[in-house]
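Colleague: Predicted model follows, preceded by the sequence.
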Amino acid sequence: MSTRSSLSSRAGSPTTAKPGVDEEILPSGQCRYILLNPEIKGHRCACVGFTLNRSQPGVSCLCGHLSCYHVRSTEIPPDKNEMEDLRRRVQMLEGQLDRENQMVQRLGNLEEQFETSRSEISQEMKDCYGNVNRMWIAHDQLDKRQLTYEDRFVSYDERLDSCVDTVQRLSDRMMEADEASMALEERVEALEDRSLPSRPRHRQRGRSPPESERSRQWLLQYGGTLRTQPLPTLVHGPTQNSQGAMTFPQTRVPWTVHVSLLPSASQPFPFEKDTNAYKRCLSRGLHQMVAVGGTDSESFNNAITKSFASLLRGREWMPLQARLCDASTLEGLPMLRTLDPSLLGRPYDLEFLRQYCAVCHPTGKVESLYIAMVNDTFSWHFLRRSPCHLDGLEASWDYDQLLDRDDNLDDDTAGEDDRPPAGDIMPPLPSLKRTASEMSRAPSFSAAEGDGSRPKLARMQVEVCRRGVETI
């Protein structure tokens, strides 16, 4: 009331009521007018209650502001508890708003990552489709190249077949030529037998047809013939020393020779040096340097029986005929076969051995001999369990697929007669002889292949055959 009275006194206006103004509808609360002074920017009017200014027209307060800027009624000061509750709610709302803002920010980040990932995945898918397309293009090119290679392989195969057929035809012609030369040799020998009736010609094969046939097949396989050795003339009679003080009969002249006891008499060639078969025989004493006390048969028989007593064990043995072969792949190697039946009863003196059995030096010196048992053979099983003659070769007795394929080394129950001979390491060769009907059907060496031509024969590899040969 004092404020109103002071305002009314400052206005200097009478307190008469304005006609036409209903004071009951006028506001009575404080003024909310925002002052426009720059110094007090943002402050409101200090009037706490509306007082009608009756000295001025209109409805204005003594503070100079219209009634519209005043509060309708005087506000009751809020309760302190309510203010605290309102403050807590405002803080809670602010915290919730912050959380919502964080959630919105995270959702925005996730959307950005999703968009980025989707673009990257789209680019990777495009790259994958491009790679698949290039792969199919390469696959088509490989298919075309494979078809080209297959055509080439077919043409090469046809050429190889043609070459094989040509080689086979040449081989057949060579065999026919060999057979013709053999027939000519037989005819020449027959003519020589007729012209020289006093000279014995022992051409029978009654005792060992398999061995001679196998030897002939070996020669046909490698294209060679047997070659006899020059036999020098021996001077018979007593020999004298340089001083003439003592004389010795020829039968008491000692000599040495390398003797090989073969496991089987049917073996066409001795074992090649430094092979497992050769080392096995060497370790058991089948290859020895024998000293013979004289040139007579008894001295030779005693020396052989004494040197190979642990192996022969009183069984009958015989020397084998050895002749040098002039085949291109086997030139200079001894080719073996059994003695003719007519020679078995003769004494094995030095002259007999030099003429029929030994491998001699060009000067006539006996270098090597080959012997075998007449009716028995040696198996690898027997030789393995024989006394060791030379140490350091036990490694050669390890399992060998070529030598031990048909011999059960761990089975001691089977007899020696049931085991294959140690020298039987080659498969049997087919017969190269043709019948008269086959020769009549193919009279010419240049006969084409077809009806009446001889069948093709399988040939052995030279490397396999060479493993069964020994050089001294």
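Modeller: Yes, it's here. Residues are numbered from 1 along each chain as shown.

Colleague: for the stretch 301-450 of the chain, what are the low-confidence residue spans?
Modeller: The stretch 301-450 of the chain contains residues with pLDDT under 70 at 326-332, 406-418, 423, 425-450.

Colleague: And the strands in it?
Modeller: 317-319, 321-325, 334-337, 359-360, 366-373 (DSSP state E, counting those that start in this stretch).

Colleague: Tell me which of the ones you listed is the most buried.
Modeller: Most buried of those, by mean neighbour count (mean count of other CB atoms under 10 Å): strand 334-337, with a mean of 23. Yep, even glycine has a C-beta here, placed from its N, CA and C like the rest.

Colleague: Show me what that strand is packed up against.
Modeller: Contact analysis of strand 334-337 by 3 or more CB pairs under 8 Å, 6 or more residues apart in numbering; DSSP states H and E lists helix 209-222, strand 321-325, strand 366-373 as its packing neighbours.

Colleague: hang on, the earlier thing: out of the strands of the stretch 301-450 of the chain, flag the one nearest residue 153.
Modeller: strand 321-325 (41.6 Å; CB to CB).

Colleague: so what strands line up beside that closest one?
Modeller: strand 226-227 (antiparallel), strand 334-337 (antiparallel) (DSSP bridges).

Colleague: quick one: that strand to strand 366-373, angle?
Modeller: 130 degrees (axes from the mean of the first three to the mean of the last three CA atoms, to 10 degrees).

Colleague: Could you export strand 321-325 as PDB, CA atoms only?
Modeller: Output of strand 321-325 as PDB, limited to C-alpha atoms (Å, rounded to 0.1, in the frame of the first residue of the first chain):
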ATOM      1  CA  GLN A 321      83.000-125.200 -71.500                       C
ATOM      2  CA  ALA A 322      83.700-121.500 -71.600                       C
ATOM      3  CA  ARG A 323      84.000-119.600 -74.900                       C
ATOM      4  CA  LEU A 324      84.300-115.900 -75.400                       C
ATOM      5  CA  CYS A 325      81.200-114.200 -76.900                       C
END
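
Colleague: which helix is the longest one in this structure?
Modeller: Longest among the helix segments of the chain by residue count, using DSSP state H, is helix 80-195.

Colleague: for the stretch 101-250 of the chain, which spans come out with low pLDDT?
Modeller: Across the stretch 101-250 of the chain (using pLDDT under 70), the flagged ranges come out as 195-250.

Colleague: circling back: for the strands of the stretch 301-450 of the chain, which one sits closest to residue 65?
Modeller: strand 321-325 (147.3 Å).

Colleague: Touching, residue 378 and residue 264? I think so.
Modeller: Yes. With contact defined as CB atoms under 8 Å, residue 378 reaches residue 264; the gap is 7.3 Å.

Colleague: Does anything pack onto the longest helix of the chain? Which helices or strands?
Modeller: So helix 80-195, by 3+ CB pairs under 8 Å, 6+ apart, packs with helix 209-222.

Colleague: give me that answer again for 10 Å
Modeller: helix 209-222, helix 436-441 (3 or more CB pairs under 10 Å, 6 or more residues apart in numbering; DSSP states H and E).

Colleague: Show me the helices in the stretch 251-400 of the chain, by range?
Modeller: 276-283, 297-307, 309-312, 350-352, 380-384 (DSSP state H, counting those that start in this stretch).

Colleague: so the nearest residue to residue 325 once chain neighbours are set aside bridges to which residues?
Modeller: Once flanking residues are discounted, residue 325 sits nearest to residue 335: 4.6 Å by CB to CB, 6 or more residues apart in numbering. Beta bridges link residue 335 to residue 323 when assigned by DSSP bridges.

Colleague: any idea how far residue 347 is from residue 335?
Modeller: 25 Å (CB to CB, to the nearest Å).

Colleague: Any buried residues in stretch 388-403, and which?
Modeller: 389, 393, 396-397, 403 (16 or more other CB atoms under 10 Å).

Colleague: Next up, the contacts around residue 260.
Modeller: 270-271, 278, 281-282, 286-288, 320, 322, 334, 336, 368-372, 470, 472 (CB atoms under 10 Å, 6 or more residues apart in numbering).

Colleague: gap between it and residue 143?
Modeller: Residue 260 is 64 Å from residue 143, by CB to CB.

Colleague: And for residue 153?
Modeller: Distance from residue 153 to residue 143, by CB to CB: 15 Å.

Colleague: Equivalent analysis for residue 311, please.
Modeller: 69 Å.

Colleague: same check, this time on residue 300
Modeller: 78 Å.

Colleague: Give me the more crowded residue out of those two.
Modeller: residue 300 (25 against 10; other CB atoms under 10 Å).

Colleague: First residue to last residue on stretch 334-347, what's the distance there?
Modeller: Counting by CA to CA, to the nearest Å, you get 23 Å between the two ends of stretch 334-347.

Colleague: Just read off the phi/psi values of residue 38.
Modeller: When quoted as degrees, to the nearest 10, the phi and psi of residue 38 stand at phi -60, psi -30.

Colleague: What is the neighbour count of it?
Modeller: For residue 38, using other CB under 10 Å, the count is 6.

Colleague: got it, and residue 85?
Modeller: 11.

Colleague: quick one: contacts for it?
Modeller: Taking CB under 10 Å, 6+ apart as the test, what residue 85 contacts is residue 79.

Colleague: please redo it, this time with the cut-off set to 8 Å
Modeller: For residue 85, the contact set (CB atoms under 8 Å, 6 or more residues apart in numbering) is empty.

Colleague: Same check on residue 374?
Modeller: 265, 315-318.

Colleague: switch to 6 Å and redo it
Modeller: 316, 318 (CB atoms under 6 Å, 6 or more residues apart in numbering).

Colleague: From residue 318, how far off is it?
Modeller: Residue 374 is 5 Å from residue 318, by CB to CB.
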